[in-house]
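Enquirer: Give me a model of this one.
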Amino acid sequence: MGLFRFKYFDIEQKDSVFKIGTDALVLGSWLEFDRNIKTILDIGSGTGVLSLMLAQKSANATITALDINPDAVVLAQQNFRRNELGKRCRAIHSNFLQFTATSGFDLIVSNPPFFVDAFNSNNPVIDLAKHANTSKIEQFFEKSVALLNENGKLALIYPSDSSFLNFARKMGLYPQRNLHVYGKPGVLKRRCSIFGFEKIEELEENLIIRDDLGNYTDAYRLLTKDYHGVKI
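Expert: Here you go, the predicted model:
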């Protein structure tokens, strides 16, 4: 196990749970939400890092962290207990497609399995976290619609192709704000989107994570400054 230190919380990691990566850091740092968001569902929560990032960002919200991997749920529970921000977070072991809730959510976030219909990696931890078939992705959006409140939002980081956008639109969810994530100049790797039920003019943004020399860009450092660096 290894300790990943942020400004205001620490995350324990272990080999049986998908480890912290840039995707979760970008999505959590990029998200903006108002005081109306009281309930958040984090799908495929892993170590619980995204849940804790959102708990830091909103003093009013409660976060439900959902994962199909029982080791991830135990680890997330431990990480919530070790951090003050974790008091508003709870981890649940469940398949998202079978998950039920007594009330809807204002915000659903996920760094979902996004290698759609791709060959598996032969690493069970990676395959569980990152691989899915087309039918499950369609079911993912259908289930998200069912769990969102009337004005709820769905926030995802996903591949740069149009597959996820097509699935979302099919279920009546429309991208309202997009971030095009470049691993380095000219190399588009991911897209972050906030989806809603209202079709409005989309806000488009760009982020380059590393420069040609492999160093983090000023834009990436600025985006993640509330989580990385020295505690204030």
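Enquirer: pretty sure L54 is touching I63, no?
Expert: Yes - using CB atoms under 8 Å, L54 is in contact with I63, at 5.8 Å. From N, CA and C alone the C-beta is placed, and that goes for glycine too.
Enquirer: Now do the helices in the chain.
Expert: Counting by DSSP state H, one finds helices in the chain at the ranges 22-30, 49-57, 70-82, 124-130, 134-147, 163-170, 218-223.
Enquirer: Now tabulate those in a markdown table and tack on mean pLDDT, mean neighbour count and distance to I37.
Expert: Formatted as a markdown table, those follow (pLDDT from 0 to 100; neighbours: other CB atoms under 10 Å; distance: least, CB to CB, whole Å):
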| stretch | mean pLDDT | mean neighbour count | distance to I37 |
| --- | --- | --- | --- |
| helix 22-30 | 94 | 21 | 14 |
| helix 49-57 | 95 | 25 | 9 |
| helix 70-82 | 95 | 19 | 19 |
| helix 124-130 | 43 | 17 | 25 |
| helix 134-147 | 88 | 17 | 14 |
| helix 163-170 | 90 | 17 | 19 |
| helix 218-223 | 96 | 15 | 20 |
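Enquirer: Make TSV from those helices and add distance to E205 to it.
Expert: Output for the helices of the chain, formatted as TSV (distance: least, CB to CB, whole Å):
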stretch	distance to E205
helix 22-30	8
helix 49-57	18
helix 70-82	29
helix 124-130	24
helix 134-147	22
helix 163-170	16
helix 218-223	10
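Enquirer: Out of those helices, which gets nearest to A155?
Expert: Of all these, helix 22-30 sits nearest to A155, with 6.7 Å by CB to CB.
Enquirer: Identify the contacts common to L54 and I63.
Expert: 40, 42 (CB atoms under 8 Å, 6 or more residues apart in numbering).
Enquirer: where does this structure have low pLDDT?
Expert: 1, 113-135, 229-232 (pLDDT under 70).
Enquirer: which residue ranges form the strands in it?
Expert: Using DSSP state E, the strands of the chain run over residues 2-5, 10-13, 39-43, 62-67, 89-93, 105-110, 115-116, 131-132, 148-159, 174-184, 187-196, 203-208.
Enquirer: and the last one with strand 174-184, angle?
Expert: The reference is to strand 203-208. 20 degrees (axes from the mean of the first three to the mean of the last three CA atoms, to 10 degrees).
Enquirer: starting at the chain centroid, how far to strand 203-208?
Expert: Its chain's C-alpha centre lies 17 Å from the corresponding centre of strand 203-208 when counted by CA atoms, centre = their mean, to the nearest Å.
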